[in-house]
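Asks: sequence and predicted structure are below.
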Amino acid sequence: MNKYEPVIGLEVHVELNTKSKMFCRCSADYFGKEPNTHTCSVCLGLPGALPYINEQAIDDCIKIGLALNCEISKKSLFERKNYFYPDLPKGYQISQYRWPLCINGELTLDNGQVIRINRAHQEEDTGKLTHKDGITLVDFNRSGVPLVEIVTEPDFNNVEQIRDYAKKLQQLFRYLGVSNADMERGDMRLEANISVKREGESGLPNYRVELKNINSFRFMVAAVEFEIKRQIAAIEKEEKLSQETRGWDEEQKSTYLQRSKEEAHDYRYFPEPDLPQLTIDNGQLTILKSQIPELPWEKSKRFEEELGIRKADAQILSVDKKLAEFFESVLEPGVSAQDVANYIINKKPDINSVLPTQIIKEIKGKKVGVIDSEEELRALAKQAIEENKKSAEDYKAGKEAALQVLIGGVMRLSKGKADARLALEILKKLL
Amino acid sequence: MRLTKDQVKHVAKLANLPLSDKEEELYSEQLSKILEYVDQLNSVDTKDVEPTFNVSGQENVMRKDETESSLPQEEVLQNASKKERGFFVTKGVFDNG
Amino acid sequence: MADLTSLTLTQTIKALEKKEFSELELNKAYLERIKSINPKLNAYLETLESKKGIPTAIKDVISTRGIKTTAASKVLENYIPSYNATVINRLLENGISIIGKTNHDEFAMGGSGENSAFGPTKNPWDLTKVPGGSSAGSAAAIAADLCTFSLGSDTGGSIRQPASLCGVVGLKTSYGRVSRYGLIAMASSLDSIGPVTKSVEDAVLVLEWISGSDGYDSNCKSKKFTMQPPRLQAGIKGLKVGVPKEYFGEGLDPKVKKIVQVAIKKLESLGAQIVEVSLPHSEYALAAYYIIVPSEVSSNMARFDGIRYGKGRENIGAEVKRRIMLGTYALSAGYWDDYYAKAAKVRTLVKGDFEKAFEKVDVIVGPVSPTTAWNLGEKIDDPLTMYLQDIYTISANLAGIPGLSVPCGFSDGLPVGLQILGKHFDEETILKVGYAYEQATNWKKEKPKI
């Protein structure tokens, strides 16, 4: 396996949370609504209907591009992507091709690796199909909802990187407030392009397998892992690998062929004649730049470097912008930031009702009474394990009840001052 | 520029147009003639000429993110040949296009 | 009350104001006339029992809420739109009522009026001849006094050419002057909606009603067009009128050429200065047109899949199928640079020709059609021959500029039209020229004997 290197690129589609759709004034809040109740002449593709760009969607797309360090194109055009499918009412999707809004960006993963972003562009969503008994039911409520498509270069080599990337993008969309990026609801969708090359080989393989229509992150990960194995096996058997589109069969736990290169779509892109071009000027960019908040990874870094809290905790606290803001509002000189972090992470206070002063009081109070610092509890836990070796073995062998003995030990050693919940977690980690 | 019957078949498939054998024959001939005529574009020097895709003279035409009421479901479905419980109905298709 | 139907729109409005007759009587008169004459012409696909308002006929490619809109195709034989085109709403707001939908070449593709799925329209001046296309029914209806005015669409001459062949006034508006929202799209970057009328001042009035942005057509951001009578009647002394040498060469019927030249002399006698100009890329304009249009057509026609409305694609007519095929081919993989992009560059050159010419002149005049109306069935077998008929009109659509066709004579009893082209958004000047010419001649007094 070490002889081969997976070469993976990702395409993410994120549904924006604008009030109205991309090219019409229908409400974009379609989820769970009665079929075909959020449609109009435009998103239904009635004869004579015309698109009209939603300004908010363009702003959102540009902000995503800016946050990903992209270059924003001075001139951008929408184009028609032509193909036939029942969920595509006009027989073409208004998308972007030769003149995308954002290009040449990058995102740095936790491991320091830089993923190059090829482009981030704007397009519209399709309707929804439901298959049953040999017929297909079509609902156009989702048709026309704004999407931003983000495409990376094939810079990924393994599934962990993909996980990190997807997580970061999701955080980003939530921070920018442009989407809820909920994979279950379909606000964020992932597609992967996979090929495999021999380690050390330069250039890219001459084929690519697209993994599409995989509706959960878990399945996507499984599919990627399966594909890597499948392709390596094929190379070893000297079988030729060709350009394909594959889906994931959860029952068979394997990928399967959906479309081969010969059947690949010829989208016949050409500039959308119904929409005049977009010319982005620096003034507009400056305004949009100023609307971008401190990004989650920037915040996490700052917490770590300037406030001196642990990296893992900094990351947890910066996942949600509201939580991060609450955390910072609690901070007070004289109180350790790490203590505040511990409190918030472990006690999970309701940030909408609990006052920062209350938390500070408790922390200060606890300092006098309760032991909840990790170093102290760790020491106590280790001691308790030493003194109760048999219970420790019993717990490791599967006897859950044995843990109670150890907890009791910790409480005794600390004269009842230990924070029981934290101690429990620390014990579990040590065992 | 002679269009073969196979090329015509391929284009018809892309265009989702059902063509009879006779039509394939006819179009192969007619389209070839027309394409021959338009080939004269090759003799025009367009070096350094920017393409014109739009003659409205407009740019950045956008609207505020505001909603208007959608069409009522019955009107949406009123011209459909097949419908069921608020959905449009078409013959079965299988995973994506 | 047969006289009612011979009045122009402007005359009709004045008469109604003076209460010379009621709107009910007006509509009744037109309906009776339609009943007796339409079977000979097949100008109307559908008539409505209009009882009030000023009756207009709408080309059946424009969406009318609750009223069948077929695009003259079997595909939309039973299609009833759930919304009005913007132009329809504007007309209704101005007291206009729809008395019927007119016949035309299927999906507005054609130049003779013979490509309708519901039978050809006949030329009121000679029932064995074509009325021109694609707005065949609109032009025939006006020529035969079957309504006060009509709306048509023009993508490559589809208002001007039938107007010319039927001896009526037709205005191709500037691209972006009138909202296309509701117009069943043919070639989106060239389509325009415009009036077909009995007189030039009628065209001014209709343009005032239908023009201006609406928040639905992104390419239409213009202000409403207005032109007070004094400006229309200002005359053309000192105006520079360009005559392109490329429009008077081979292919132009010598009799038509003579008539148009006489008309141009008339303009000179009215005080205009005639200047020879050149539009050097004219010979390539048709080739560019027949790449760009079918390409956009192939995409615009993709929505007709029979799921949400209409019948299956096997119901699409031959000419439409042909253009879809041509366009699909031109856009297909590997051909972008050779065809669409190349044609788009030639389009820039054609547009540039006009811009250069308009530095020297105010309007450009010439023939609308190389011939007068030809026999039904004569040109139908060879599409290329048909396409060559568009040679004088398509450039205006490529450039987006306005063009007016006004009657300027007869050749062997068949009407000839004079084309007047202007700068983008300068409908005012071409209407002024058309009006001056019309008032100095008597062509509109002639009516076909049906």
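Replies: Perfect, I can see it now. Residues are numbered from 1 along each chain as shown, chains lettered A, B, ... in the order given.
Asks: which residues touch stretch A:424-431?
Replies: A:346, A:374, A:377-378, A:381-382, A:384-385, A:392, A:395-396, A:403, A:406-407, A:410 (Cβ atoms under 8 Å, 6 or more residues apart in numbering or on different chains). Every residue, glycine included, has its C-beta placed from N, CA and C.
Asks: min pLDDT across those, which one?
Replies: Lowest-confidence member of the contacts of stretch A:424-431: A:Glu374, scoring 79 (pLDDT).
Asks: who are the contact partners of it?
Replies: A:Glu374 touches A:342, A:422, A:426, counting by Cβ under 8 Å, 6+ apart.
Asks: just the closest of those residues to C:Phe304, please.
Replies: Nearest to C:Phe304 among those is A:Asn342, at 64.1 Å by Cβ to Cβ.
Asks: quick check, the closest one in contact with A:Arg310.
Replies: No - applying Cβ atoms under 8 Å as the test, A:Asn342 and A:Arg310 come out as separate, 9.3 Å apart.
Asks: how about low-confidence regions in chain A?
Replies: Counting by pLDDT under 70, the ranges of chain A that qualify are A:1-2, A:262, A:366-370, A:372.
Asks: quick check, the residue in it closest to chain C?
Replies: Of all residues in chain A, the one sitting closest to chain C is A:Gly91 (2.4 Å; Cβ to the nearest Cβ).
Asks: where does the closest residue to that residue other than its chain neighbours land on pLDDT?
Replies: Spatial nearest neighbour of A:Gly91, chain neighbours left out: C:Ala302 (2.4 Å); criterion: Cβ to Cβ, 6 or more residues apart in numbering or on different chains. Here the pLDDT value assigned to C:Ala302 is 98.
Asks: my guess is C:Ala302 contacts B:Asn16. True?
Replies: Yes - using Cβ under 8 Å, C:Ala302 is in contact with B:Asn16, at 7.3 Å.
Asks: overlap in contacts, those two.
Replies: Contacts common to C:Ala302 and B:Asn16, judged by Cβ under 8 Å, 6+ apart, are A:84, A:91.
Asks: ok, the two, which is more surrounded?
Replies: Neighbours of C:Ala302 and B:Asn16, each counted by other Cβ atoms under 10 Å in any protein chain shown, are more numerous for C:Ala302; the result is 24 against 17.
Asks: for the more buried one, phi and psi?
Replies: Here is the backbone geometry of C:Ala302 (degrees, to the nearest 10): phi -70, psi -20.
Asks: now do the contacts for it.
Replies: A:82, A:84, A:90-92, B:16.
Asks: try 7 Å this time
Replies: Contacts for C:Ala302 (Cβ atoms under 7 Å, 6 or more residues apart in numbering or on different chains) come out as A:82, A:84, A:90-92.
Asks: run a quick neighbour tally on residue 22.
Replies: Since no chain was named, I'll use chain A. A:Met22 has 28 neighbours, counted by other Cβ under 10 Å.
Asks: wrong chain, I was asking about chain C
Replies: 12.
Asks: apart from its chain neighbours, what residue comes closest to it?
Replies: C:Leu16 is the one closest to C:Ser22 (Cβ to Cβ, 6+ apart), at 7.8 Å.
Asks: which element is A:Lys63 on?
Replies: A:Lys63 is located in helix A:55-67, with elements delineated by DSSP states H and E.
Asks: I meant to write A:Glu425 there.
Replies: According to DSSP H and E, A:Glu425 maps onto helix A:420-430.
Asks: got the CA positions of that helix in PDB?
Replies: C-alpha atoms of helix A:420-430 as PDB (Å, rounded to 0.1, in the frame of the first residue of the first chain):
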ATOM      1  CA  ALA A 420     -16.500  14.500  40.300                       C
ATOM      2  CA  ARG A 421     -17.500  14.800  36.600                       C
ATOM      3  CA  LEU A 422     -14.100  16.000  35.500                       C
ATOM      4  CA  ALA A 423     -12.400  13.400  37.600                       C
ATOM      5  CA  LEU A 424     -14.500  10.700  36.000                       C
ATOM      6  CA  GLU A 425     -13.300  11.800  32.600                       C
ATOM      7  CA  ILE A 426      -9.700  11.900  33.600                       C
ATOM      8  CA  LEU A 427      -9.900   8.500  35.100                       C
ATOM      9  CA  LYS A 428     -11.400   7.100  31.900                       C
ATOM     10  CA  LYS A 429      -8.700   8.600  29.900                       C
ATOM     11  CA  LEU A 430      -6.000   7.200  32.000                       C
END
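Asks: quick one: list the elements packing against the helix holding A:Lys63.
Replies: strand A:71-72, strand A:102-108, strand A:114-124, strand A:146-152, helix A:159-176, helix A:282-290, strand B:62-63 (3 or more Cβ pairs under 7 Å, 6 or more residues apart in numbering or on different chains; DSSP states H and E).
Asks: buried ones in that helix, by neighbour count?
Replies: Within helix A:55-67, the residues that count as buried by 16 or more other Cβ atoms under 10 Å in any protein chain shown are A:56-67.
Asks: ok, C:Met53 to A:Ile53 distance?
Replies: In this structure residue C:53 is Gly, not Met. Per Cβ to Cβ, to the nearest Å, C:Gly53 is found 36 Å from A:Ile53.
Asks: more crowded one of the two?
Replies: The residue with more neighbours, out of C:Gly53 and A:Ile53, is A:Ile53; 21 against 17, by other Cβ under 10 Å.
Asks: how about that one: what's its closest non-neighbour residue?
Replies: Counting by Cβ to Cβ, 6+ apart, the residue nearest A:Ile53 is B:Met62, at 4.4 Å.
Asks: again with A:Leu169
Replies: Residue nearest to A:Leu169 in three dimensions, not counting chain neighbours: A:Val12, with 5.8 Å by Cβ to Cβ, 6+ apart.
Asks: returning to that earlier point: doesn't the residue nearest to C:Ser22 fall inside a strand?
Replies: No - applying DSSP: H, G, I helix; E, B strand; the rest coil, one finds C:Leu16 to be helix, outside a strand.
Asks: tally of neighbours for it?
Replies: Neighbours around C:Leu16, by other Cβ under 10 Å: 17.
Asks: relative to chain A, how far out is it?
Replies: Applying Cβ to the nearest Cβ, to the nearest Å, the value for C:Leu16 to chain A is 31 Å.
Asks: what does the model give that residue for pLDDT?
Replies: 97.
Asks: that one and A:Arg116: what is the separation?
Replies: When Cβ to Cβ is the yardstick, C:Leu16 and A:Arg116 sit 70 Å from each other.
Asks: for A:Leu169, same thing?
Replies: Taking Cβ to Cβ as the measure, A:Leu169 falls 14 Å from A:Arg116.
Asks: neighbour-wise, which of those two wins?
Replies: A count of neighbours by other Cβ under 10 Å puts A:Leu169 above the other of A:Leu169 and A:Arg116, at 22 against 15.
Asks: many thanks, have a good one.
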